[in-house]
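[1] structure of the sequence below:
(one chain, ligands or ions: 1)
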Amino acid sequence: MNRLIINADRKKGKIDRNIYGHFAEHLGRCIYEGFWVGEESPIPNTRGIRKDVVEALRKIRVPVLRWPGGCFADQYHWQDGIGPREKRKQTLNSYWGGIMENNHFGTHEFMDLCAQLGAEPYICGNVGSGSVYEMEQWIEYMTFDGETPLTSLRKENGREKPWELKYFGIGNESWGCGGNMRPEYYADLYRRYQTYVKSYGEEKIFKIACGSHDDYYHWTEVLMAQAGKYMDGLSLHYYTVSGKSWKEKGSATEFGQEEYFRCLQKALVMDRLITEHSGIMDKYDPEKKVALIVDEWGAWHQAEPGTNPRFLYQQNTLRDALIAGVSLNIFNSHCARVRMANLAQIVNVLQALILTRGGEMLLTPTYHVFDLYQVHQDADLLDFQLDCGDYELNGEKIPALSASVSRDEAGRVNVTLCNLHASARINLEILFNSAELKLERVEGRVLTADQVNAHNTFEELDKVKPEVFESVQFNEKGFLATLPAASVLQLSLVCPKQ
Ligand code: AHR
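    Okay, here's the model as predicted:
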């Protein structure tokens with residue numbers, strides 16, 4: 001029998017809401033069209049930012065948004081993106097398609113977008129091709145409250161008060177597109193650049209060092225040893241790449257059970273990576289003062305046929321929903337160390353929440369997972385024991401179920417579950433262990449479809465969307481839930497306050 005025993009009185013830490021964070025880069029149609037349409041556009045907008053996308057994202061409570069890249073961040077010179085738009089310099093976006101960037105979306109527009117979303121800004125500074133001076137000036141421009149030539153310029157450009165900037169990253173993928181550096185060299189550069197990221201506001205800026213990717217543990221070791229005491233966070237990037245390799249990625253929509261299984265197996269690797277990187281961090285920082293920030297993660301498939309391959313536009317199926325579900329469960333389980341994660345990317349790029357076609361917009365299955373999982377934001381992670389069978393294919397196996405359990409301020413115990421099996425439904429007995437709380441009723445929603453490659457299109461917007469989950473039977477110990485094959489489920493266990 002598959003069984004989930006919830007130890008509802010045993011808290012294991014707080015799930016930082018920033019685990020449900022996102023990432024927007026000047027890449028393909030993420031910023032331009034995805035968010036920015038300009039004030040003159042027939043697409044309804046608020047100061048140039050499209051209303052439909054903002055409204056959809058507000059519903060899932062985006063806590064933090066990373067910008068402007070990505071690889072683009074190490075090419076970005078912030079002074080190009082301020083002042084009257086028609087006078088802004090055009091620059092080359094050489095990394096993503098060799099197209100011209102008109103810089104109409106810059107610091108002011110990004111801060112406005114964050115305010116409209118109700119999200120904290122997380123800005124990634126340029127180390128690869130930018131100077132320390134440039135980074136120092138950007139911080140002064142955005143956050144200093146006194147009178148300086150830079151703050152006067154900010155005021156001339158329409159912003160009187162400084163912005164509250166909480167999160168700042170010092171370079172992106174400095175081992176790769178951000179400068180091809182060795183960790184020893186970057187550690188020194190990090191120490192130098194971060195010195196000039198001054199906290200002028202009331203709150204100290206949370207400084208994030210560029211971390212490793214995949215199992216590049218040596219990077220984490222060197223960074224923690226040589227620069228650990230100067231950072232608040234260290235990043236990690238890991239993508240679930242479909243197909244045979246980075247060069248031969250799989251299709252986003254055309255795949256069989258074998259490829260489906262392989263992708264979930266790759267997504268589950270995140271758990272081992274976090275465990276290993278955290279283990280290294282523990283050696284230098286046993287009190288877990290430095291957060292692990294998984295600021296790029298998600299599924300990376302072949303670009304949609306007929307689109308610019310450097311725009312990284314891909315469809316999003318039920319398989320992607322399961323990748324999101326298991327990844328978020330993994331982050332929750334490591335919440336003592338993982339205090340932010342940013343899905344790549346929020347609109348029109350990679351594992352997007354939203355796809356747009358001109359003025360039209362659709363919500364992907366991944367969007368719906370973030371909707372179901374928002375119950376965990378800032379909740380207390382609870383202890384549980386999950387006994388379940390495996391999902392086996394061609395002699396290989398992965399656990400058939402993945403789960404998270406938390407308790408929110410109102411006393412509700414929220415469970416998220418993924419049934420990874422492509423074709424078998426699973427009966428799960430859920431036992432509720434608590435001296436304090438009494439279970440009154442269960443409310444649930446489920447995301448599933450007949451096919452694992454089911455997805456939403458502009459012709460069929462709601463093919464994959466959450467439905468009310470009613471397959472619950474109570475017994476004297478708890479209840480029995482039947483999880484459909486390939487499904488993501490969210491249950492709220494309602495316990496009246498004693
Ligand atoms: O998210 C797309 C790209 O993937 C980012 O620009 C880069 O940081 C990573 O390699």
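[2] got phi/psi on the residue of the stretch 151-300 of the chain found nearest the ligand?
    Closest to the ligand within the stretch 151-300 of the chain is residue 173: 4.6 Å, counting by CB to the nearest ligand atom. The C-beta positions use only the backbone N, C-alpha and C, and glycine is treated the same way. Here is the backbone geometry of residue 173 (degrees, to the nearest 10): phi 40, psi 60.
[3] roughly how far does the residue in the stretch 201-350 of the chain that the ligand sits nearest to sit from residue 23?
    Ranked by CB to the nearest ligand atom, the top residue of the stretch 201-350 of the chain for proximity to the ligand is residue 344, at 4.0 Å. Here residue 344 is placed at a distance of 5 Å from residue 23 (CB to CB, to the nearest Å).
[4] for stretch 243-250, buried residues please.
    If you call a residue buried by 16 or more other CB atoms under 10 Å, then stretch 243-250 has these buried ones: 243, 249, 250.
[5] quick one: name the residues of the chain near the ligand.
    Residues of the chain lying close to the ligand by CB under 6 Å from any ligand atom are 25, 69, 70, 71, 172, 173, 296, 344, 345, 350.
[6] closest to residue 81 out of those residues?
    Ranked by distance to residue 81 (CB to CB), the residues of the chain next to the ligand are led by residue 69 at 12.7 Å.
[7] quick one: the closest one is in a strand?
    No: Residue 69: not assigned to a strand; according to DSSP: H, G, I helix; E, B strand; the rest coil it is coil.
[8] which residues does the spatially closest residue to it that is not a sequence neighbour contact?
    Once flanking residues are discounted, residue 69 sits nearest to residue 25: 4.4 Å by CB to CB, 6 or more residues apart in numbering. Going by CB atoms under 8 Å, 6 or more residues apart in numbering, residue 25 touches 31, 67, 68, 69, 70, 71, 72, 73, 96, 344, 345, 349.
[9] export these to CSV and tack on pLDDT and neighbour count?
    Compiled in CSV, these are given as follows (pLDDT from 0 to 100; neighbours: other CB atoms under 10 Å):
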residue, pLDDT, neighbour count
31, 98, 26
67, 98, 29
68, 98, 26
69, 97, 27
70, 97, 28
71, 98, 20
72, 98, 23
73, 98, 28
96, 97, 22
344, 98, 25
345, 97, 26
349, 98, 26
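[10] show the pLDDT at residue 494.
    pLDDT recorded at residue 494 is 89.
[11] so it bridges to which residues?
    residue 441 (DSSP bridges).
[12] helix or strand for residue 137, just tell me which one.
    Per DSSP states H and E: residue 137 is located in helix 132-143.
[13] now do that helix, average pLDDT.
    The model assigns helix 132-143 a mean pLDDT of 98.
[14] and for stretch 235-252?
    On average, the pLDDT along stretch 235-252 is 97.
[15] check stretch 404-424 too.
    What stretch 404-424 shows for mean pLDDT is 96.
[16] what's the end-to-end length of that stretch?
    Terminal residues of stretch 404-424 are spaced 21 Å apart (CA to CA, to the nearest Å).
[17] and it, how far out from the chain's middle?
    19 Å (CA atoms, centre = their mean, to the nearest Å).
[18] where does residue 437 land on pLDDT?
    Per-residue pLDDT puts residue 437 at 77.
[19] er, residue 433 actually
    88.
[20] surely it meets residue 8?
    Yes: using CB atoms under 8 Å, residue 433 is in contact with residue 8, at 6.1 Å.
[21] which one's more surrounded, the two?
    Using other CB atoms under 10 Å as the criterion, residue 433 and residue 8 rank with residue 8 on top: 22 against 17.
[22] and the helix or strand hosting that one, average pLDDT?
    Using DSSP H and E, residue 8 maps to strand 2-14. Mean pLDDT, computed over strand 2-14, is 96.
[23] name the helices or strands packed onto the helix or strand following that strand?
    Using DSSP H and E, the helix or strand that follows strand 2-14 in sequence is strand 21-23. Applying 3 or more CB pairs under 8 Å, 6 or more residues apart in numbering; DSSP states H and E, we find strand 21-23 packed against strand 64-67, strand 291-300, strand 338-344.
[24] partners of strand 21-23, with directions?
    Applying DSSP bridges to the sheet, strand 21-23 is found paired with strand 64-67 (parallel), strand 338-344 (parallel).
[25] pLDDT weak spots in this structure?
    497-498 (pLDDT under 70).
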